[in-house]
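Engineer: Provide a 3D model corresponding to the input given below.
(chains A and B)
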Amino acid sequence: MTIKLEDKMLKLGQSIDLTFDEREAIRARLLSKIARSERKIFSPFSPMFYWQSISMYVKPQYVSVALLVILIGGGVSFAAENALPGEPLYQVKTSVNENVLGLFAFTPQSKAQLHTELVVRRLEEVEKLAIAGKLDATTTAAAEVKIDSNLAVIKDSVKQLENSNNSAAAADTSSKAESSLKVHEAILDTLASSTTAVNSAVQDMAKNVNIQATALSLDRAGIDSRSSSSTLSINALITQQSVAQDAIGSVQDEVNASTTGTSTPKSVVNAKAKLAEAFDILKQGGEKFNAKDYGEAFLLFKKAEKTALDARAVLQAGDVVEEIVIPVEIPVATSTATSTEASVATTTPLVISIATSTATSTEVSE
Amino acid sequence: MSKEEKKQAFIALYDSLSSAIFRHCFFRLSSRERALEISQEAFMKVWEYFDKGTDIKNPSALVYRVANNLIVDEYRRKKMVSLDLLQEEGFDVGDGEQEKVMERMELDKVRIAVSKIPEKYRQVVTLRFVEGLSPKEIGVIVNRTENAVSVQLNRAIKMLQDILHI
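Structural biologist: Numbering: from 1, shown residues only, chains lettered A, B, ... in the order given. Presented below is the predicted three-dimensional model:
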């Protein structure tokens, strides 16, 4: 009886095997990994990173000069490494030290690694300031701009890796950035909920980090999906699409309800324009979704939702909006090299609609 | 061992074990795609051991053990689609042209029965009967004594017999 069962199982086993293509595809990926491991990638903050980069890309006779330059500038640079936003040496840290690091990152992987570490640095700075009770909205906004710029480089590097048929490295690189963001999202969440560092700026930062981490996660899902044709969960993306659609739908209803009279208030016209913008963004998100660019699609769906909510804010400002006309001088420069006309300055009236009570959004139009 | 020697040894290991590891993953995961991914990941992790210069006494056992750990992670991560569901959806295991219809039906019954027994028994029964490993070799992979593996195998066979009414 047992033997019969064993025979059946052995036959069953024999009927399952890799196809030739599958076996060769895995073998190719393994060989690619082996080739990558032959050149170890060091952290951009490790001395070996410089040494490896210098020795690979600088002619041997110039290596000593390159090292000397690094050593001379090293004193100030070293002192600036622990500077926080608002401190005198912070500019040296971000504009000199970190730009120098960029000079040594040549491959998409090392670029992505460097920019991931820069994202971590910015987040650590925000955390340190939050703990010290020195964090404000301006610092958070400045950090967010830098982080967005770093993430753009990471995403670009990931795309380059994927385009060069290195999907495994692309997914791995994206995954590392995503993990770093998630770690700091948790820290920021903890800081935001602690009584010692109550700060809405921290909450906003945590929220933004969460959005970016989700976008990276979806990017990775897209890479996996394109490279292995496996069906991956994109529930988060679909949910966000629905949220954006619902937001647009509900604001559309509110706009329609506000346009029943014979004359259309200016706030309704502005809200309609904003809503049309939200529609466009949602559509772009749909196109990215179809192209399996999931990370970008997620960000666009988020943006569509926010734009729809902005439209609602404009609508709600409604009757309490006052129009204030401010004359603003806008200099119009003309090229003196090609024209004999002198530079002129025109005075253009700028109309700023300011909501005086419940408004949450400021509309600027000419 | 030089880098080139390590590479050659590793590729030889892949060539000799790729089918067995894939089969093992397939039986445990019931998904061809996931089995392919886990097989590849297992070999990638094993290469990292090779690359670090770790002293590996039994490379085959190491590949199985790494694959096992990845499969366990997979189970923890999400509830896998059952073989029954795949069967209902007309999932095809192998080359239908080479099998007689009756024999295929018999094999499918065994496959479904294996999917119904607990994971720890499925693991040893797959290693024993599909891969043809001895209880001693299985013991090395699952980190248990030969006796403990034999006991698990007997229980697994009993369960399969009960399910198959044989």
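Engineer: any idea which element whichever residue of the stretch 51-200 of chain A sits closest to chain B lies in?
Structural biologist: Distances between the stretch 51-200 of chain A and chain B by CB to the nearest CB are smallest at A:Ala168, namely 8.0 Å. Heads up, the C-betas are built off the backbone N, CA and C, glycines and all. Using DSSP states H and E, the element containing A:Ala168 is helix A:167-193.
Engineer: elements contacting that helix?
Structural biologist: Packed against helix A:167-193 by the contact rule (3 or more CB pairs under 8 Å, 6 or more residues apart in numbering or on different chains; DSSP states H and E) you find helix A:20-37, helix A:108-131, helix A:137-163, helix A:200-228.
Engineer: any chance of those in CSV, with distance to A:Gly102, mean neighbour count and mean pLDDT too?
Structural biologist: Shown next, in CSV, are those (distance: least, CB to CB, whole Å; neighbours: other CB atoms under 10 Å in any protein chain shown; pLDDT from 0 to 100):
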stretch, distance to A:Gly102, mean neighbour count, mean pLDDT
helix A:20-37, 22, 15, 83
helix A:108-131, 7, 21, 86
helix A:137-163, 9, 18, 85
helix A:200-228, 20, 21, 75
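Engineer: can I get these in TSV with distance to A:Ile187?
Structural biologist: Shown next, in TSV, are those (distance: least, CB to CB, whole Å):
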stretch	distance to A:Ile187
helix A:20-37	31
helix A:108-131	6
helix A:137-163	14
helix A:200-228	9
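Engineer: okay, these in a markdown table with distance to chain B next?
Structural biologist: Listed next are those as a markdown table, based on distance: least, CB to the nearest CB, whole Å:
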| stretch | distance to chain B |
| --- | --- |
| helix A:20-37 | 5 |
| helix A:108-131 | 16 |
| helix A:137-163 | 16 |
| helix A:200-228 | 6 |
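Engineer: where in chain B is pLDDT low?
Structural biologist: Counting by pLDDT under 70, chain B has low-confidence residues at B:1, B:77-107, B:166.
Engineer: just want the most central residue of it.
Structural biologist: B:His24 (1.9 Å; CA atoms, centre = their mean).
Engineer: name the element that residue belongs to?
Structural biologist: helix B:3-29.
Engineer: can you name every helix or strand that the helix or strand where A:Ala304 lies contacts?
Structural biologist: Using DSSP H and E, the element containing A:Ala304 is helix A:294-317. Contacts defined by 3+ CB pairs under 8 Å, 6+ apart place helix A:294-317 against helix A:200-228, helix A:235-258, helix A:266-290.
Engineer: so which of the ones you listed gets nearest B:Arg144?
Structural biologist: Among the helices and strands packed on helix A:294-317, helix A:200-228 comes nearest to B:Arg144, with 33.1 Å by CB to CB.
Engineer: just checking, what packs against the strand or helix carrying B:Asp162?
Structural biologist: Assessed by DSSP H and E, B:Asp162 sits inside helix B:146-164. Helices and strands touching helix B:146-164, by 3+ CB pairs under 8 Å, 6+ apart, are helix A:2-14, helix B:101-116, helix B:119-125, helix B:135-142.
Engineer: contacting residues for A:Lys83?
Structural biologist: Not Lys; residue A:83 is Ala. The contact partners of A:Ala83, taken as CB atoms under 8 Å, 6 or more residues apart in numbering or on different chains, are A:Leu89, A:Tyr90, A:Val92, A:Lys93.
Engineer: which of those ranks first by neighbour count?
Structural biologist: A:Lys93 (20 neighbours; other CB atoms under 10 Å in any protein chain shown).
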